[in-house]
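have a look at this fold, sequence not included:
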Ligand SMILES: NC(=O)c1ccc[n+]([C@@H]2O[C@H](COP(=O)([O-])OP(=O)(O)OC[C@H]3O[C@@H](n4cnc5c(N)ncnc54)[C@H](OP(=O)(O)O)[C@@H]3O)[C@@H](O)[C@H]2O)c1
């Protein structure tokens with residue numbers, strides 16, 4: 001199973017403000033309207049999105065469901081309500097990352113998109129994240145929800161490529177090595 005995190009972070013490593021606000025991601029001073037920074041190219045390759053419960057709850061506040069008919073698995077240890085309009089495509093799981101991956105692999109899935117800071121950290125800690133695509137936003141939040149956190153062991157990353165976009169976003173792709 002291939003697992004990819006595709007996520008934007010401030011230069012000081014935060015994926016959202018302390019209250020979960022992510023409007024700063026779309027600030028026109030650094031973000032080009034009409035540029036999706038490789039998001040569509042990734043989503044056509046994946047078999048499912050695995051979302052942390054907090055990211056899922058944030059997405060529900062957008063008012064429009066951005067994932068269409070793509071299979072979405074929400075990782076939550078507490079019960080959550082799935083709106084009926086999306087229930088056909090969304091399931092919840094309280095499995096550990098290794099159990100989840102074994103289960104989805106047995107169903108024939110080959111590539112997962114892992115989203116949410118805590119969820120990405122738990123996949124890293126379990127040594128189950130293979131690819132990290134991080135888009136650095138030229139902004140220092142000073143505080144917020146971190147992308148990274150404590151790990152049981154250091155993790156090596158193999159840099160694959162870095163692209164700089166005209167307004168200053170810098171996107172780097174890494175293969176996660178665990179060496
Ligand atoms: N900048 C970006 O590109 C980007 C991308 C995605 C999200 N975000 C933002 O990030 C914020 C949410 O991220 P977050 O880090 O706070 O939370 P998160 O990773 O989205 O969700 C964490 C929750 O996932 C559940 N969970 C289930 N299994 C887990 C496991 N093995 N490891 C960790 N969590 C597990 C837990 O829910 P229970 O408490 O129910 O057990 C946990 O509280 C939102 O504001 C969202 O908008 C930003």
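Sure, I can see it. Note that the coordinates shown come from a computational prediction; the quantities given were computed from them, not determined experimentally.

from now on I want contacts and neighbour counts done on CA atoms only, so please keep to that.
Noted.

excluding chain neighbours, what is closest to residue 115?
Distance criterion CA to CA, 6 or more residues apart in numbering; nearest residue to residue 115, sequence neighbours excluded, is residue 51 at 4.9 Å.

what is the burial count for that neighbour?
Residue 51 has 24 neighbouring residues, counting by other CA atoms under 10 Å.

can you map out the helices along the chain?
Under the criterion DSSP state H, the chain contains helices at 39-43, 53-60, 97-106, 117-125.

which residues of the chain lie near the ligand?
Contact residues (CA under 6 Å from any ligand atom) of the chain with the ligand: 7-9, 15-16, 20-22, 52-55, 58, 75-78, 94, 96-97, 115-119, 122, 145.

quick one: the strands in this structure, in order.
For the chain, the strands defined by DSSP state E occupy 2-10, 14-16, 48-52, 72-75, 90-93, 111-115, 131-137, 145-146, 157-164, 170-176.

mean pLDDT added to the ones you listed, as a markdown table?
Formatted as a markdown table, the strands of the chain follow (pLDDT from 0 to 100):
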| stretch | mean pLDDT |
| --- | --- |
| strand 2-10 | 98 |
| strand 14-16 | 98 |
| strand 48-52 | 98 |
| strand 72-75 | 98 |
| strand 90-93 | 98 |
| strand 111-115 | 98 |
| strand 131-137 | 98 |
| strand 145-146 | 98 |
| strand 157-164 | 98 |
| strand 170-176 | 98 |
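
would JSON lines of those with distance to residue 65 be doable?
Converted to JSON lines, the strands of the chain look like this (distance: least, CA to CA, whole Å):
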{"stretch": "strand 2-10", "distance to residue 65": "18"}
{"stretch": "strand 14-16", "distance to residue 65": "19"}
{"stretch": "strand 48-52", "distance to residue 65": "13"}
{"stretch": "strand 72-75", "distance to residue 65": "11"}
{"stretch": "strand 90-93", "distance to residue 65": "11"}
{"stretch": "strand 111-115", "distance to residue 65": "15"}
{"stretch": "strand 131-137", "distance to residue 65": "22"}
{"stretch": "strand 145-146", "distance to residue 65": "23"}
{"stretch": "strand 157-164", "distance to residue 65": "29"}
{"stretch": "strand 170-176", "distance to residue 65": "25"}
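
follow-up on the earlier one: need the winner for burial among the helices of the chain.
helix 117-125 (a mean of 21; mean count of other CA atoms under 10 Å).
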